[in-house]
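A.B. asks: can you look at this prediction? I've put the sequence above it.
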Amino acid sequence: MHDAATFGAPPTVRSERLLAVIRNAFPFLVVGAIWEIVARAGVFPRKLFPTLGDIARSFVDLTASGILPHHAIDTVLRLLAGFGLAAIVGVSIGVLMGRSRRAEDILLPLVSILAPIPGLAYAPLFLLWFGPGEVSAVLLVAFVSMFAIIFNSWTGVKAVKEIWLRSAQAMGADDKRVFRYVILPGALPYILTGLRLGLAQAWRILVAVEMLAAVPWGLGWLIFGAREFLNTDAMMAGIIVIALIGLGLEKYVFQKIEDYTVVRWGMMGSMG
Amino acid sequence: MTDTAQRRRSLIRGLLSIAAAAAFYQGVAMSGLFPKVLLPSIPTVLTTLYDMLSDGSMFQHAGATLYRVLIGFGLAIAIGLPLGILMARFKPVENFLLPLVSALMPIPSFSLVPLFMLWFGIGNLTTVLIVFYAATFPMLFNTWTGVRSVNPLWLRAAGAMGADERRLFWKVIVPGASPFIITGMRQAFLRSWIAVVGAEMIAASDYGLGWVIFDSKEFLQTDVMMASLVVIGFIGYVFERLVFGSIERATVYRWGMVRMAKG
């Protein structure tokens, strides 16, 4: 991956990049070496503490046979379905609450009561109501990630400056145009932050939901199922894929959104 | 005048909306559209809650859960905080730990539950470790960011006024980084609270709020489930608002360190 990117670069940049790669790889080599030593020392049963070779082998086998990709694709689809639902419902409710005093008064107490309960605690209830499987899993993920989206959209719409609204109205914009050209762009950074938080939350809970909801495919289920047969190597392979998907989300979704919102806000180094 | 009137109207509307939602729920529960075991009426839930509180079983569950959370959370602070400071102060530490942290952070703590169950068995150790894993990263990451974002001008000013390393650390860096550190603690607690419920469900032991919810699913005791949900929400709320809210007021607000309220 890095080779392709650095191929045409001048040698100094290339060697600098190479140095960065080495510097980033070094900690993993150390940890990997420690792992391998512990695994080979036989302190723990090999079944429970597989060597890196075993893990790599089962990773390759599971990928080649198509089992691992199938699990991964189902997990990602489930994440997208749940998050998509949460985004639509959450942004609508949040914007409504921000725009209408009445909606805010009515919805805020309900949202505030439901929000502080960790989403996973609802899982058994959802399983009873909607039965184990796909519906429960998607609804649960949607329900959990919805609150961050609601709160941020609501804050965002409320944070739109009064003076912008009034000047737009003074210039003759009707409600629809005010909404489309003033409120929505003004609230967008907050809404995007909410979506980012919601997606992160959906991702964090999805694996557990898959373990509890007994879905036929999914990385959570793969890991959980592998435990029964002491397939620690398959488990580790599943965890690696989960880490890769998580990293991908972090790098290509969260950071992009953050860059965009930070640029829009015109502030630097916002964190936390 | 108008402001208080407006506020009163908001309060009345809010109460009305809660009452309406409760009445609607109660209506559906009593209508018999759904089996009563799946949708217990509100008095049933309250009675169950009262029974569980008075026979002490709810306290036992809540106590077990709190014990796991607080130990895991405490460990996360004890390790995440110093590591975060070290990472921010010493470049080699940062170079070594940052790649590892960035690789581990996106792994949801729940995905480690089955592995930890194999390694450490079912029970407190697994749950505490999951909580620890979930809470460490926000703690570490926020501390690291906080210490790095201490205004360099303050450091130089304090240095010019003759502060030695120790005083610099305690009088400038720690207060300067404190808004981030407290945000980190808050996030860490939130994550631990979610993690403990999930970990208790999967790595079931004998006690714990997550365990009791999951266990009552087997017996269709939705009233027990909802009573436990109420307790979980209540404890989460107490910590989030009262504990961390007052910590924040006593430190960063008083020091004038927070510019913007966080949603």
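C.D. replies: Structure's in. What do you need?

A.B. asks: for the residue of the stretch 151-272 of chain A at minimum distance from chain B, give me its contacts.
C.D. replies: Of all residues in the stretch 151-272 of chain A, the one sitting closest to chain B is A:G246 (2.7 Å; CB to the nearest CB). C-betas here are computed from N, CA, C, even on glycine. Residues in contact with A:G246 (CB atoms under 8 Å, 6 or more residues apart in numbering or on different chains) are A:203, B:105-108.

A.B. asks: let's see 6 Å
C.D. replies: Applying CB atoms under 6 Å, 6 or more residues apart in numbering or on different chains to A:G246 gives the contacts B:106-107.

A.B. asks: sec struct for it, please.
C.D. replies: The assignment at A:G246 comes out as helix when based on DSSP: H, G, I helix; E, B strand; the rest coil.

A.B. asks: ok, A:P50 next?
C.D. replies: Secondary structure for A:P50, judged by three-state DSSP, is coil.

A.B. asks: correct me, but it touches A:N231?
C.D. replies: No - assessed by CB atoms under 6 Å, A:P50 is found out of contact with A:N231, at 9.2 Å.

A.B. asks: spatially, what comes nearest to the residue of the stretch 1-150 of chain B found nearest chain A if we skip its sequence neighbours?
C.D. replies: At 2.7 Å from chain A, B:P106 is the closest residue in the stretch 1-150 of chain B, using CB to the nearest CB. Nearest residue to B:P106, sequence neighbours excluded (CB to CB, 6 or more residues apart in numbering or on different chains): A:G246, at 2.7 Å.

A.B. asks: over to B:Q26?
C.D. replies: B:Q26 sits nearest to B:I42 (CB to CB, 6+ apart), 5.4 Å away.

A.B. asks: and the residue of the stretch 1-150 of chain B closest to chain A, how many residues sit next to it?
C.D. replies: Using other CB atoms under 10 Å in any protein chain shown, B:P106 has 21 neighbouring residues.

A.B. asks: sec struct for the residue lying closest to B:E94 once chain neighbours are set aside, please.
C.D. replies: Among residues not flanking B:E94 along the chain, B:M87 sits closest, at 4.5 Å (CB to CB, 6+ apart). What three-state DSSP gives for B:M87 is helix.

A.B. asks: burial of B:M87, as a residue count?
C.D. replies: So B:M87, with other CB under 10 Å, has 24 neighbours.

A.B. asks: in chain A, which spans are helices?
C.D. replies: For chain A, the helices defined by DSSP state H occupy A:2-6, A:11-41, A:52-64, A:67-99, A:101-114, A:123-130, A:134-159, A:162-170, A:175-178, A:184-213, A:219-228, A:232-249, A:255-265.

A.B. asks: got it, and the stretch 51-200 of chain B?
C.D. replies: Assigned helices in the stretch 51-200 of chain B, in chain order: B:57-89, B:91-104, B:113-120, B:124-148, B:152-160, B:165-167, B:174-202 (criterion: DSSP state H, counting those that start in this stretch).

A.B. asks: got the ones you listed as JSON lines, with mean pLDDT and distance to A:W154 columns?
C.D. replies: Listed next are those as JSON lines, based on pLDDT from 0 to 100; distance: least, CB to CB, whole Å:
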{"stretch": "helix B:57-89", "mean pLDDT": "91", "distance to A:W154": "29"}
{"stretch": "helix B:91-104", "mean pLDDT": "87", "distance to A:W154": "32"}
{"stretch": "helix B:113-120", "mean pLDDT": "86", "distance to A:W154": "34"}
{"stretch": "helix B:124-148", "mean pLDDT": "91", "distance to A:W154": "24"}
{"stretch": "helix B:152-160", "mean pLDDT": "84", "distance to A:W154": "36"}
{"stretch": "helix B:165-167", "mean pLDDT": "83", "distance to A:W154": "44"}
{"stretch": "helix B:174-202", "mean pLDDT": "87", "distance to A:W154": "19"}
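
A.B. asks: dump those to TSV, plus distance to A:L107.
C.D. replies: What follows is those, written out as TSV (distance: least, CB to CB, whole Å):
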stretch	distance to A:L107
helix B:57-89	29
helix B:91-104	38
helix B:113-120	34
helix B:124-148	29
helix B:152-160	43
helix B:165-167	51
helix B:174-202	22
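
A.B. asks: A:G133 is nearest to which of those?
C.D. replies: When those are compared by CB to CB, helix B:174-202 sits nearest A:G133, at 17.1 Å.

A.B. asks: please parse chain B into its domains.
C.D. replies: Each domain of chain B is listed here as a residue range: B:1-34, B:37-253, per automatic domain parsing.

A.B. asks: return the most buried member of those.
C.D. replies: domain B:37-253 (a mean of 19; mean count of other CB atoms under 10 Å in any protein chain shown).

A.B. asks: return the distance of the residue of the stretch 1-150 of chain B closest to chain A relative to A:I34.
C.D. replies: Per CB to CB, to the nearest Å, B:P106 is found 22 Å from A:I34.

A.B. asks: A:S145 reaches A:A202, doesn't it?
C.D. replies: Yes - look at A:S145 against A:A202 with CB under 6 Å: they come within range, at 3.9 Å.

A.B. asks: which neighbours do these two share?
C.D. replies: The overlap between the contact sets of A:S145 and A:A202 (CB under 6 Å, 6+ apart) consists of A:F83.

A.B. asks: just to revisit the earlier point, what does the model give the residue nearest to B:Q26 for pLDDT?
C.D. replies: pLDDT for B:I42: 85.

A.B. asks: let me have the helices of chain A in JSON lines, extended by mean pLDDT.
C.D. replies: JSON lines is the format used below for those (pLDDT from 0 to 100):
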{"stretch": "helix A:2-6", "mean pLDDT": "44"}
{"stretch": "helix A:11-41", "mean pLDDT": "83"}
{"stretch": "helix A:52-64", "mean pLDDT": "86"}
{"stretch": "helix A:67-99", "mean pLDDT": "91"}
{"stretch": "helix A:101-114", "mean pLDDT": "84"}
{"stretch": "helix A:123-130", "mean pLDDT": "86"}
{"stretch": "helix A:134-159", "mean pLDDT": "90"}
{"stretch": "helix A:162-170", "mean pLDDT": "84"}
{"stretch": "helix A:175-178", "mean pLDDT": "84"}
{"stretch": "helix A:184-213", "mean pLDDT": "86"}
{"stretch": "helix A:219-228", "mean pLDDT": "84"}
{"stretch": "helix A:232-249", "mean pLDDT": "87"}
{"stretch": "helix A:255-265", "mean pLDDT": "71"}
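
A.B. asks: I appreciate the help and will end here.
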